[in-house]
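**Q** how does the following fold in three dimensions:
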Amino acid sequence: MAHNSLEIISVVSGEKSEADFLQFPQHIYNKEDRMQSVSEEQAQISGQYPLSPTYTFQAFNGYQDGKVVIRGALIKPHHIDDYYLGYFEALDDVTIMIQFIQTLSDKVRNENGQHIVGPVQGSFWLGYRMKVNGFERTPFTSEPHNPWYYPKLWQAAGFKEIEHYTSNFYRSIPPQYESKKLAKRYQSFVEKGYSFVSPKPEDWPTVSLEVFELLRVLYKDFPLYQEVTAEQFSQIFADLKQVIDFSMVKLAYKDHQLVGFLITLPDYGNLIYQKMNLLNLAKIIYKKWRAKRYIILYLGVDSKHLGLGLAMSYPVFKQVKQRKAEVVAALIHENTVTNRYVTEMQEDSHAYSLWMLELD
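**A** Okay, the predicted model is just below:
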């Protein structure tokens, strides 16, 4: 396939096209900003990722003068009619973007597809969303990150924003600051018979499946949500156990039933996406116990227990205060109530969008 000077080819596992695909982000990002998981991309291309049986995946490179100038993967989930565009990277060139998307759109039309949604790295359970501001900051762990010009490229190719999300940044808590609202909410739930615990690392394989069962219920109406099996869930998040500070994970139980969870992660930046040599492993161990910032990754509460989210936040609030650390409440949908927690301590926010291209 070729459009003028842009040559677009399919990526094949084990061939030069795969190496070109994997190496291209090094030309877009500096070392501190690159959030690429090479092993994940290789598994997707070869069809060996845990979720590979749930979609078809085809990666593409766009070449100009023999060099990659744009890349992306077209993903067709088996459970819906839409196509996803994921693992997208490109130089700042609108003409190249339009040619690339026209080619991918033709492929989708040939399969009777009507929409392309992105950025989505294959599934709800993996990375999705595009950053639209906050480019002056080094990205935090799990944050979608891209150059400032990507929204411009997607708009030029005909994509429109369909969903919006924010990450809220909270400054470190002064020693004299107290949140009477959080303390009161926490105490009221304790008096009602709720227990709040941090799991032990050895209990995580069992506890994570409890979280999974509740999460399935709570997240089922989220945009892009996809059902997965417990085995697939465990495989996707297997490495999480190695980087979680379990003292910063809070689980809420009522009558021995899990009814809420709050999972935080020390901010490792992009360390966890790099090769695990001895130096990087030492850096991860240090940050795990001396983190200057924590990321709230997942917060969920059974709908029958309204107000519990604020109560679960109180033990974390106290620990963060003691450690003099900052907090990021990550990737909250614009309509979610947790977008308005402890607003007096908020100092900044980043915005993200999900995009859709409607095909004629």
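**Q** three-state assignment of residue 227?
**A** Following DSSP: H, G, I helix; E, B strand; the rest coil, residue 227 is assigned to coil.
**Q** quick check: it vs residue 75, distance?
**A** 16 Å (CB to CB, to the nearest Å). To be clear about C-beta, it is placed using only N, CA and C from the backbone, and glycine gets the same treatment.
**Q** which one of those two is surrounded by more residues?
**A** Taking neighbours as other CB atoms under 10 Å, residue 227 and residue 75 compare with residue 75 leading, 25 against 10.
**Q** just give the nearest non-adjacent residue to residue 120, would you?
**A** Leaving aside its sequence neighbours, residue 120 sits nearest to residue 84 (CB to CB, 6 or more residues apart in numbering; 3.9 Å).
**Q** direction included, what does the host helix or strand of the one you found pair up with?
**A** For residue 84, the element it lies in under DSSP states H and E is strand 83-90. Using DSSP bridges, strand 83-90 pairs in its sheet with strand 67-77 (antiparallel), strand 115-118 (parallel).
**Q** tell me the pLDDT at residue 235?
**A** At residue 235, the predicted lDDT confidence score is 94.
**Q** what's the closest non-adjacent residue to it?
**A** The shortest distance from residue 235 to any non-neighbouring residue, by CB to CB, 6+ apart, is to residue 50 (4.0 Å).
**Q** and residue 94, by the same measure?
**A** Excluding the flanking residues, the one nearest residue 94 by CB to CB, 6+ apart is residue 156, at 4.6 Å.
**Q** returning to that earlier point: number of nearby residues for the residue nearest to residue 235?
**A** 19.
**Q** with residue 354 instead?
**A** By other CB under 10 Å, neighbour count at residue 354 equals 21.
**Q** can you confirm it is in a helix?
**A** No. Going by three-state DSSP, the assignment for residue 354 is strand, not a helix.
**Q** pretty sure it is touching residue 160, no?
**A** No. Residue 354 is beyond contact range of residue 160, at 10.2 Å (criterion: CB atoms under 8 Å).
**Q** list the contacts of the strand holding residue 84.
**A** With contact meaning CB atoms under 8 Å, 6 or more residues apart in numbering, strand 83-90 is reached by 21, 24-25, 28, 41, 44, 55, 59, 62, 69-77, 96-97, 100, 104, 108, 111, 113, 115-122, 126-128, 146, 150, 153.
**Q** so for that strand, mean pLDDT?
**A** Mean predicted lDDT for strand 83-90 stands at 98.
**Q** gap between that strand and the chain center?
**A** 14 Å (CA atoms, centre = their mean, to the nearest Å).
**Q** which residue is nearest the middle of this structure?
**A** Nearest to the geometric centre of the chain sits residue 127, at 4.1 Å (CA atoms, centre = their mean).
**Q** list buried residues within the contacts of strand 83-90.
**A** Buried residues within the contacts of strand 83-90, counting neighbours by 16 or more other CB atoms under 10 Å: 21, 24-25, 28, 41, 44, 55, 59, 62, 69-77, 96-97, 100, 104, 108, 113, 116-122, 126-128, 146, 150, 153.
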